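Asks: just to be clear, the model below is a prediction. Sequence and coordinates:
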Amino acid sequence: GGGTRTLGTGQPLGGIPPGSGGPVRNAGTIDKSGGGTVNTGDSSITAFNNTSNSHVNITTGTLVMNTAGTDAGNYNIASGTTLEFNGDRTFNSGNSFTNTGTVLFSAGGTKTFGAAYTFVSAGPSLSLTAGTISAANALSIQTPFNWTAGTIAGVGTLATSGITTLTSGNLNGETGHTSG
């Protein structure tokens with residue numbers, strides 16, 4: 001069943017004591033508050049799955065998802081906050097990113113979009129600093145997009161209409177660089 005869990009700095013995610021391990025399935029609401037950073041790996045979580053109709057709200061600080069998982073729920077990322085994914089992740093139909101913070105794909109791993117997806121202009125900015133974004137269908141980025149490293153692969157159509165900054169990266173096997 002669902003419910004609400006509030007996390008402050010240094011608190012384990014999902015109620016799993018540090019070192020005990022195991023997967024977390026969010027079927028309710030998780031509120032990340034209290035400033036600072038919470039890492040899913042701090043609790044030895046093996047996977048974090050944000051299920052359909054569930055919510056993760058980041059109101060202050062940074063939430064780092066450094067475990068694998070599958071998402072079909074909502075991530076609400078307030079202005080000035082960051083939601084960081086630095087492992088393998090699958091985003092399915094129903095997944096959404098809202099509000100005006102930052103979604104950061106970092107530290108390797110593949111972030112796979114199982115359905116066509118649009119990062120809407122009123123939503124959070126997107127940064128790719130390592131790893132791979134993979135999408136079998138169209139991927140549209142209308143929000144500011146900062147691409148400093150990493151790969152975008154498998155995209156049926158990639159469209160960026162927000163401010164896009166490309167420092168270095170790989171698109172379908174071709175290396176792209178901007179000139180200064």
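Replies: Nice, I can see it. Please read these numbers as outputs of a predicted model, since none were measured by experiment. Residues are numbered from 1 along each chain as shown.

Asks: please make it C-alpha for all contacts and neighbour counts, starting now.
Replies: Will do.

Asks: check the protein and tell me which residue is nearest its centre.
Replies: Residue closest to the average C-alpha location in the chain (C-alpha atoms, centre = their mean): Phe85, at 4.6 Å.

Asks: now do stretch 142-150, average pLDDT.
Replies: The average pLDDT within stretch 142-150 is 95.

Asks: can you list the buried residues in that stretch?
Replies: 142-150 (16 or more other C-alpha atoms under 10 Å).

Asks: how far does it sit from the chain's center?
Replies: Chain-centre distance of stretch 142-150: 13 Å, with C-alpha atoms, centre = their mean, to the nearest Å.

Asks: now Gly80: closest residue in space that isn't a chain neighbour?
Replies: In this structure, Gly80 finds its nearest non-sequential neighbour in Gly101, 5.4 Å apart by C-alpha to C-alpha, 6 or more residues apart in numbering.

Asks: give me the distance between that neighbour and Ala27.
Replies: According to C-alpha to C-alpha, to the nearest Å, Gly101 stands 23 Å off from Ala27.

Asks: and Ile163, by the same measure?
Replies: 35 Å.

Asks: more neighbours: which of these two?
Replies: Neighbour count, other C-alpha atoms under 10 Å: between Ile163 and Ala27, Ala27 has more, with 18 against 13.

Asks: on that earlier part again, format the buried residues of stretch 142-150 as JSON lines; extra columns: secondary structure and distance to Thr67.
Replies: Output for these, formatted as JSON lines (DSSP: H, G, I helix; E, B strand; the rest coil; distance: C-alpha to C-alpha, whole Å):
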{"residue": "Gln142", "secondary structure": "coil", "distance to Thr67": "27"}
{"residue": "Thr143", "secondary structure": "coil", "distance to Thr67": "25"}
{"residue": "Pro144", "secondary structure": "coil", "distance to Thr67": "26"}
{"residue": "Phe145", "secondary structure": "strand", "distance to Thr67": "23"}
{"residue": "Asn146", "secondary structure": "strand", "distance to Thr67": "23"}
{"residue": "Trp147", "secondary structure": "strand", "distance to Thr67": "22"}
{"residue": "Thr148", "secondary structure": "coil", "distance to Thr67": "22"}
{"residue": "Ala149", "secondary structure": "coil", "distance to Thr67": "21"}
{"residue": "Gly150", "secondary structure": "coil", "distance to Thr67": "18"}
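
Asks: now distance to Thr90 too, for the residues you listed, in TSV please.
Replies: Compiled in TSV, the buried residues of stretch 142-150 are given as follows (distance: C-alpha to C-alpha, whole Å):
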residue	distance to Thr90
Gln142	21
Thr143	20
Pro144	22
Phe145	20
Asn146	21
Trp147	20
Thr148	22
Ala149	20
Gly150	17
